[in-house]
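Q: Requesting a structural model of the entry that follows:
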Amino acid sequence: MEKKFDVIGVEDLIMDFALQINKIPETDGMSQIFDSCWAGGGNASSAIVALSRLGAKCAMVGTTGNDAYGNFCLEDMRRNQVDVSHIKQVEGDTTLCVCLAEKETQGRSFLGKMGVRGVMTPEEVDEDFIRSCKVIHLSCMPTPTQKAAIEFAKRNGVEISLDAGAFFPGAKELADQADILIMSEAFYGGLFGEDKNYRENCQRLVEKGAKIAIVTLGKKGCAGADKDESFELEAFSGADIVDTTGAGDVFHGGFLYAYLYRYKNIKYNYTTKMCSKFASTVSYLNCMTLGGRPGIPTLDMVDAFLEKGIVLNGDIAQRKEFYRNGIFS
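A: The predicted structure follows:
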């Protein structure tokens, strides 16, 4: 059947409140706030927004609360041309994540208040909807919704992409089902401990069944493998990094865009390493702006950086202004 969507994300929507501060204060101390940002968040959700902003056709499956945060998250998806017809809005609070970006350390910390999660039953997941995409993209937060989506994807030849962030009991079994497995350094450590042979271990995961396996290493770059190659890639440097919130999320979105539109494509003939460089560019450009979404680049911005090494501003200033106050509009 003809595919209506490139990628469908499977995740409950959450709200992010990002603050740029000089540093986290000591107990009874105080810290200066330089900037703030309200935006939808979430691992798979922000990857889907990145994909859509690059030009892919995307949708989400999951739930959100019926509070002001939930309403904003739904509108944020629509604003970014993401189909939310299969997001179930339910009674209750939307999960809130406060993201603290420190200027002094370029580090980040998080405070979370859990809201509604995993309340969509497997019976409410539409198999025909899952069948209508090329890839489903999952966060590493198991829910009945996710389990049903994986089953339907496997039954209908839809590829499974996993944002393997947190390592928890059962995470390995979840990773074993992924065609495209992109791991955090923490998740990689859960699988391989202190073994730093990143390329070789990614190759092992490919030999065990993954089509592509990649580990992201922050300032150290990334490494990965598919059946044709293994590689290591240095991170970009030199820019003023404002906030790394969402860096991994949009890396996934960038990688999936390159995989779907440029991997082994006659015009581009991207390899997995080149897809990873494209994804690293998306992530790097996003980190120049506070919050996980305002700085997600367009395709023109990514190509300008890859081809000429220049950073285009695009409509970033307008986006920053919107997300600073958008929830109150």
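Q: Quick one: the strands in the stretch 151-300 of the chain, in order.
A: 159-164, 180-183, 212-216, 222-226, 230-233 (DSSP state E, counting those that start in this stretch).
Q: Serialize the ones you listed to JSON lines and add fields for mean neighbour count.
A: C-beta coordinates here come from the backbone N, C-alpha and C atoms, glycine included. Below are the strands of the stretch 151-300 of the chain laid out as JSON lines (neighbours: other C-beta atoms under 10 Å):
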{"stretch": "strand 159-164", "mean neighbour count": "26"}
{"stretch": "strand 180-183", "mean neighbour count": "27"}
{"stretch": "strand 212-216", "mean neighbour count": "29"}
{"stretch": "strand 222-226", "mean neighbour count": "25"}
{"stretch": "strand 230-233", "mean neighbour count": "18"}
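Q: Mind putting those strands into TSV with distance to K103?
A: Listed next are those as TSV, based on distance: least, C-beta to C-beta, whole Å:
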stretch	distance to K103
strand 159-164	27
strand 180-183	28
strand 212-216	23
strand 222-226	25
strand 230-233	27
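Q: wait, doesn't G41 sit right on Y323?
A: No: with contact defined as C-beta atoms under 8 Å, G41 does not reach Y323; the gap is 11.3 Å.
Q: anything in contact with each of these two?
A: Shared contacts of G41 and Y323, defined by C-beta atoms under 8 Å, 6 or more residues apart in numbering, comprise R293.
Q: Which of the strands of the stretch 151-300 of the chain sits closest to T105?
A: Closest to T105 of the strands of the stretch 151-300 of the chain is strand 212-216 (C-beta to C-beta; 19.4 Å).
Q: Would you give the sheet partners of the closest one, along with the direction of each?
A: The strands beside strand 212-216 in its sheet (DSSP bridges) come out as strand 180-183 (parallel), strand 222-226 (antiparallel).
Q: Take those and lay them out in JSON lines including mean pLDDT.
A: Converted to JSON lines, these look like this (pLDDT from 0 to 100):
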{"stretch": "strand 180-183", "mean pLDDT": "98"}
{"stretch": "strand 222-226", "mean pLDDT": "98"}
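Q: any chance of the ones you listed in JSON lines, with distance to Q318 too?
A: Converted to JSON lines, the strands paired with strand 212-216 look like this (distance: least, C-beta to C-beta, whole Å):
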{"stretch": "strand 180-183", "distance to Q318": "30"}
{"stretch": "strand 222-226", "distance to Q318": "31"}
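Q: Please name whichever of those strands is nearest to K264.
A: Per C-beta to C-beta, nearest to K264 of those: strand 222-226, 10.3 Å.
Q: neighbouring contacts of the closest one?
A: By C-beta under 8 Å, 6+ apart, the surrounding residues in contact with strand 222-226 are 182, 198-199, 202-203, 205-206, 211-217, 230-233, 235, 251, 272-273, 276, 280.
Q: out of the strands of the stretch 151-300 of the chain, nearest to D303?
A: Proximity to D303, assessed across those by C-beta to C-beta, is greatest for strand 230-233 (17.9 Å).
Q: Quick one: closest of the strands of the stretch 151-300 of the chain to A247.
A: That would be strand 212-216 among the strands of the stretch 151-300 of the chain, by C-beta to C-beta, at 8.2 Å.
Q: tell me the average confidence for the closest one?
A: Strand 212-216 shows a mean pLDDT of 98.
Q: Can we start the residue count at 9 from this point?
A: Noted, 9 is the first residue going forward, which turns the last one into strand 220-224.
Q: At the geometric centre of this structure, which residue sits there?
A: Most central in the chain under C-alpha atoms, centre = their mean is D257, positioned 2.1 Å from the mean C-alpha point.
Q: What about the nearest residue in space to that residue that is not next to it in sequence, how many residues nearby?
A: Nearest non-adjacent residue to D257, counting by C-beta to C-beta, 6 or more residues apart in numbering: S54, 3.8 Å away. Residues lying near S54 (other C-beta atoms under 10 Å) number 32.
Q: for the helix or strand containing S54, packing partners?
A: If you go by DSSP states H and E, S54 is part of helix 51-62. Contact partners of helix 51-62 among helices and strands, from 3 or more C-beta pairs under 8 Å, 6 or more residues apart in numbering; DSSP states H and E: strand 13-18, strand 66-73, helix 76-87, strand 90-98, strand 141-146, strand 167-172, helix 255-269, helix 280-294.
Q: The fifth one pairs with which strands, parallel or anti?
A: In this case it means strand 141-146. Applying DSSP bridges, strand 141-146 is found paired with strand 13-18 (parallel), strand 167-172 (parallel).
Q: the more surrounded of G49 and Y331?
A: Taking neighbours as other C-beta under 10 Å, G49 and Y331 compare with G49 leading, 27 against 24.
Q: List the residues that contact the spatially closest residue to the more buried one that is not a sequence neighbour.
A: Excluding its sequence neighbours, the residue lying closest to G49 (C-beta to C-beta, 6+ apart) is D24, at 3.3 Å. Residues in contact with D24 (C-beta under 8 Å, 6+ apart) are C45, W46, A47, G48, G49, C105, V106, C107, T253, G299, G300, R301.
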